[in-house]
Every structure is written in structure tokens, then in C-alpha cells.
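> Return a 3D structure for these sequence lines:
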Amino acid sequence: MSQIRIKDIYAGMPDAKDEINTNQIDSFLSSFIVPPGLPVDHLLDGRKYLISGYKGVGKTSVLYYLQSVVQDRDLSACTSFIYFKSDYEEVRRGNFDAVAKKLTAFVDARGEIQPSKVEFLHIWRWVFFKKIIEDSIEKNYGLFEKNADWDKFEEMVNRISFSSQNKHVISLSSLSVSLKASPASGVSAELNASFNKEIAKSDVAFRTLVEVVDSCEELFQKLTPSGTPYYIFVDEMEAYYGDNKLLKRDLTLIRDLLFTIHRINSYGKTHIIAAIRNEIIFAMDRFIQTNELNKVIDGYSVPIRWTYSNTTSTDHPIIQILMRRISVASDGKTPKFEEWFPPKINNKDTVNYILDNGWNKPRDIVRLLIAAQNDSIHCDDKAFSQAAFDTLRKEYSKNSLTEIRQELQSLYSSDEIEMVLRLLRGGLRFTTAEQIRKNSAKGSHARAFWDERQDDILEDFYRVGFWGNVNRTNGQYVWRWNHKGDTGVLTGNGWELAIHPALCSELSIIP
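Residues are numbered from 1 along each chain as shown. Purely as a prediction, here's the structure:
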């Protein structure tokens, strides 16, 4: 038996960014396993540049892994991150929105986009150009040859800022017609108001902004890279269902961010690699005009999948992640699965039990270990037991449902998600669409919502793994799960909905 206790195991954190920010980079990399089939070289040489997948599959982890590969291959390499969710807080997104609506009128006249459709392409181009200048300065101007073309490019980009008191600088903040001041934005409400009065009388600033960004792009294409590897990683592309206008605004921001990444990558001056959730892609398709974004996603994305044919084997990559995390606590010594786990849990092969109570995601293992370490009764044990699994089950179930909720929040409001959950709580694990409808009272808001959105709900909840399919005809159980490659929910010919076993405890589902 190992001398390492359960609470000593390197559990990590649910978000890889938090692991990095808390100086756990060495442990993180030691426990990292490359997703099966991930084309690392294609991502680093520009043939692919989008990483897609469901919440918890390890998209952010892959970005940090790619960063480490780049730096290992060339110590002089420059890598930096742009976080959509945290770098562009609400005040700036609102600012973007106000400027974009005005810019669109001018861009429309040039025939670049559909009439009356807001676009953020010019703003995002400037954001990346500004990022490139900041990174180059940090590298002592070592990313591009510092010649006349670079000097013109830097001077032109710096004509625009988020906020500026310099009358020769175009300020995105000053162009906002309805900006809320916040400490994070660094914008003065009084200064902004005075600018707004000036802007209201003239469209010159907006026209100039378009011209400046177009000039920046022309100059950017003339730059000569120094040969130093340079990568920008983009993460946290999130949008949440709630206020319909804000949802569409954020989805449009993300859509145009992806188009901008595609455009800048095409010049071959730098490599931009981005991670995006599948549900954000589905939300864009459902709620906004995507302008053939599918061509970019289909052509340049790499999906992260952890499917593995031999699900009873300890060679499954998800089980290997679990053992790697135990190994980190064991000073790198390779642990044996049977030393840490009993042969069976609830009369089921332990490997199968762990995998069937997850979604083939690395985050399943993080939740499992955190729940075990939070168990004051068994956290000092030197191996997992049936009792340990029994105790951690409730917390694991609660946290799993929380993640499923978050995954659905780009498609449904919190109230709508809760409405569906209320129709299922305390019920049977196997159910049908008809039975769920019967659980809602006639004339109720829940019944109306179900009738209106039934097809969407069945498919969306299946896709994120809330439920799968089971066919119990003739006493034989045939299963279908999206995370195992079975695409599309089935509702006829004997197929029922099967609520995921990991969610049953939190929902008080009857097995």
C-alpha cells in the first residue's frame, strides 16, 4: 500500500488557468496527457488554429501545453494570452458595441458586410495590432525588423486607444455614446461626456477610425518577422443566455473575433491559436447571423475528444490522467492502479465505474479527486475504497450538475434550466419526452416552455451529456452517449432518455 494519502494527491483545479496562476505549472505539465489524435505540429505551424470541445475537455490545458512546447523548442519564443471574458470586461464590451454600431454604417457603404448588421471586425483588428506592438516592446522589439515599416505601423496603431486625453489620439472610449465608468476601464466619465458632445456633431472621428485601422492592416502586411517564434493564444470566449441583446452582442463579438483571427493568421506574420466551446458555436448558429463562419471552423478547428475503444482498460487516457496525478504526489514514481483502487465499486469493474460516472473529460478526474480530498472521513486513507466512493458521491454529483448548467447557459437562461430540472427531480432515471411533459401542470409556464422548446431541449441536453439514450427491448440494455461518439438524441422505437448516473444523487433520481 502507498504511503501517500488521498489528500496528498495532486488534484489540480477545475480551471487550468487557475492552476497556472497559482504556480502549479510544473505539476500541471507533469500530469498532462496529450488528447488522442491532437495534431500539435499542425497547430503550431498554422495549418490549424482553433481548438474546440465541450466544457471540461481540456481546451485551456492544451493552450498551456502548446505554450510550453513552443518555449521548449526555442527559448527565445514569445507567447502571450488574450482572455475574452476577463480582458474585455463588460464596460469595454459595451464600449465596443456603441462604436461598432456607428462604424457599421460606414463599412456598409463600402459593401463589406450585410446592411444593418453590427460588426466588430475593425475594432478586433486594432486590438490584435495593439497586442502585437505590446508584445514586441516587451521583447525589446525582437519580433519584427524595426525598420521604417515597423515605425509607421506602431505610430498608426497608437493613434487609437481605449481612452486618451491626447486630442491627436482617437479614443474608443470617447467614441462611446453610452459608457459606464468603472475602475477597471480607466475612463473618466466627465472627460468621456465632453468628447461625446463633440462626436455628436460630426462623423469625422468614426470615419477616421476606419481609415486608421485599414492603414494599420496595410502596414502590418509589410512587416518582416525577425524569425523569433511568436504565438498569441485566445481563450475564455464565453457568452451567457439572459439579456437577449447582450447575448447577441457577445456572440457577434466572438464571431468577429474568429473572423479576425482567420484574417490575421492568413498574413503569416504571427500565429494566433484560439479555444472555443462547442456550445458557443451552437449558440452563434442559433441566435445570430454567422456569415459562413462554419467554413472557418470546419476548415481550421481541431476537436478535443477522449474516446477510447477499450473502456475497461487502465490504458484509457482519462484513467492515465488519474494515475499521473497520483504519480505527481509520489515524486514521479509510477503507481499501479490496483494499489490505489479496489477491483469493483458497486459490483462494477472500478475502471468502468469511474468512466461511466464521467463524460470522458479530464475535469471529471479533477472533480473526483477534489471531492475525495474534501471528505474528512477518508481523505487520510492511503487508497480508495467503496466507502470513500460512497462518501464523495454527493459532492461529485453536485459539482457535475453545476458544470452541466454552465454548459447550457449559452443556450438557456438559468430559470429555464431550473424549470427542466424541476420536472425531473425525484423521478426515474429512465424517462421519455412524453413523461417529462406530463410532469408539468396543464396551463403552467413549464408546460408552455416544454411544448415550445422540446426538440431543442432534448437535443441540447443530450449533447452536453445531461442524458443519453437507452433501449431496454427484450431485457437487453443498449446505450448511446454523445461523449462516446453517438451523435443525436433518439426518442422513438423503444429509445428512452437516460439521465447520466453522476447526476442522479444531486437530482434525487430513483435508479
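
> low-scoring stretches of the stretch 101-250 of the chain, by residue?
In the prediction, the stretch 101-250 of the chain carries residues with pLDDT under 70 at positions 102-118, 162-168, 172-205.

> which residues of it fall in helices?
Taking DSSP state H, counting those that start in this stretch as the criterion, the stretch 101-250 of the chain contains helices spanning 121-138, 148-157, 172-175, 189-200, 204-220, 244-265.

> How much space separates residue 468 from residue 389?
Distance from residue 468 to residue 389, counting by C-beta to C-beta, to the nearest Å: 21 Å. For every residue, glycine as well, the C-beta is placed using N, CA and C.

> quick one, phi/psi of residue 269?
Listed backbone geometry of residue 269 is phi -90, psi -20, with angles given as degrees, to the nearest 10.

> can you check residue 457 too?
For residue 457, the backbone dihedrals are phi -60, psi -50 (criterion: degrees, to the nearest 10).

> Kindly report the same for residue 469.
Per-residue torsions, residue 469: phi -120, psi 150 (degrees, to the nearest 10).

> That one touches residue 480, doesn't it?
Yes. Taking contacts as C-beta atoms under 8 Å, residue 469 lies within contact range of residue 480: 3.8 Å.

> one step back: mind putting the helices of the stretch 101-250 of the chain into a markdown table with mean neighbour count and distance to residue 325?
Compiled in a markdown table, the helices of the stretch 101-250 of the chain are given as follows (neighbours: other C-beta atoms under 10 Å; distance: least, C-beta to C-beta, whole Å):
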| stretch | mean neighbour count | distance to residue 325 |
| --- | --- | --- |
| helix 121-138 | 20 | 33 |
| helix 148-157 | 17 | 44 |
| helix 172-175 | 23 | 44 |
| helix 189-200 | 14 | 49 |
| helix 204-220 | 17 | 43 |
| helix 244-265 | 20 | 32 |
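
> With distance to residue 288 as extra columns, can I get those in CSV?
Listed next are these as CSV, based on distance: least, C-beta to C-beta, whole Å:
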stretch, distance to residue 288
helix 121-138, 14
helix 148-157, 29
helix 172-175, 22
helix 189-200, 27
helix 204-220, 22
helix 244-265, 5
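
> And those: which comes nearest residue 430?
Closest of the helices of the stretch 101-250 of the chain to residue 430 is helix 244-265, at 33.6 Å (criterion: C-beta to C-beta).

> Against which helices or strands is that closest one packed?
Helices and strands touching helix 244-265, as assessed by 3 or more C-beta pairs under 8 Å, 6 or more residues apart in numbering; DSSP states H and E, comprise helix 84-87, helix 90-109, helix 121-138, strand 271-277, helix 278-287, helix 293-300.

> For residue 158, which of these is the nearest?
Proximity to residue 158 (C-beta to C-beta) singles out helix 121-138 among the helices and strands packed on helix 244-265, at 7.4 Å.

> what does that closest one rub up against?
The list of residues contacting helix 121-138 from outside it, by C-beta atoms under 8 Å, 6 or more residues apart in numbering, reads 78, 80, 82, 96, 99-100, 103, 107, 112-113, 142-144, 153-154, 157-158, 160, 172, 209-210, 212-214, 216-217, 220, 230, 232, 256-257, 259-260, 263-264, 270, 272.

> do the same with stretch 459-469
Contacts made with stretch 459-469 from outside it, assessed by C-beta under 8 Å, 6+ apart, are listed as 54-55, 278-279, 282, 359, 404, 407-408, 411-412, 420, 479-483, 486, 488-490, 495-500, 503.

> Which ones among those lie within helices?
In helices, judged by DSSP state H, the following of those are found: 278, 279, 282, 404, 407, 408, 420.

> could those residues go into CSV alongside distance to residue 305 and pLDDT?
As requested, the ones in helices among the contacts of stretch 459-469 are exported to CSV (distance: C-beta to C-beta, whole Å; pLDDT from 0 to 100):
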residue, distance to residue 305, pLDDT
278, 11, 96
279, 16, 96
282, 17, 96
404, 18, 97
407, 16, 95
408, 20, 96
420, 27, 97
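
> any chance of these in a markdown table, with neighbour count and distance to residue 367 too?
Formatted as a markdown table, those follow (neighbours: other C-beta atoms under 10 Å; distance: C-beta to C-beta, whole Å):
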| residue | neighbour count | distance to residue 367 |
| --- | --- | --- |
| 278 | 19 | 20 |
| 279 | 21 | 19 |
| 282 | 17 | 24 |
| 404 | 23 | 12 |
| 407 | 22 | 14 |
| 408 | 23 | 18 |
| 420 | 20 | 22 |
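
> Quickly list what's touching both of residue 469 and residue 480.
Between them, residue 469 and residue 480 have 486, 490, 495 as joint contacts when contacts are counted by C-beta under 8 Å, 6+ apart.

> Could you pick out the buried ones from these?
With neighbours counted by 16 or more other C-beta atoms under 10 Å, the shared contacts of residue 469 and residue 480 contain buried members at 490, 495.

> before we move on, back to that, if you count surrounding residues, which of residue 469 and residue 480 has more?
Per other C-beta atoms under 10 Å, whichever of residue 469 and residue 480 has more neighbours is residue 469, with 21 against 18.

> Kindly report the domain assignment for the chain.
Per automatic domain parsing, the domain ranges recorded for the chain read 1-6+309-408, 40-303, 414-511.

> JSON lines for the ones you listed, including distance to residue 33?
Listed next are those as JSON lines, based on distance: least, C-beta to C-beta, whole Å:
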{"stretch": "domain 1-6+309-408", "distance to residue 33": "5"}
{"stretch": "domain 40-303", "distance to residue 33": "9"}
{"stretch": "domain 414-511", "distance to residue 33": "17"}
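
> picking up where we left off before, of all the helices of the stretch 101-250 of the chain, which one is nearest residue 294?
helix 244-265 (10.7 Å).

> what's next to the closest one, contact-wise?
Helix 244-265 is contacted by residues 46, 49-50, 84, 88, 93, 96-97, 118-121, 124-125, 128, 220, 234, 237-241, 270-272, 274, 276, 280, 283-284, 287-288, 290-291, 293, 296-297, 300, 410 when judged by C-beta under 8 Å, 6+ apart.

> Now do the contacts for residue 318.
Neighbours of residue 318 in contact, by C-beta under 8 Å, 6+ apart: 306, 308, 354, 355, 358, 360, 361, 362, 364, 365.

> Kindly check the end-to-end length of stretch 213-233 for me.
22 Å (C-alpha to C-alpha, to the nearest Å).

> Format the helices and strands packed on helix 244-265 as TSV; extra columns: distance to residue 63.
Below are those laid out as TSV (distance: least, C-beta to C-beta, whole Å):
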stretch	distance to residue 63
helix 84-87	13
helix 90-109	22
helix 121-138	16
strand 271-277	6
helix 278-287	16
helix 293-300	15
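
> Please name whichever of those is nearest to residue 425.
For these, the distance to residue 425 is smallest for helix 278-287, at 23.2 Å, taking C-beta to C-beta.

> For that closest one, what is the distance to the chain centroid?
Distance of helix 278-287 from the chain centroid (C-alpha atoms, centre = their mean, to the nearest Å) equals 12 Å.

> Which elements pack onto it?
Applying 3+ C-beta pairs under 8 Å, 6+ apart, we find helix 278-287 packed against strand 50-53, helix 244-265, helix 293-300, helix 445-463.
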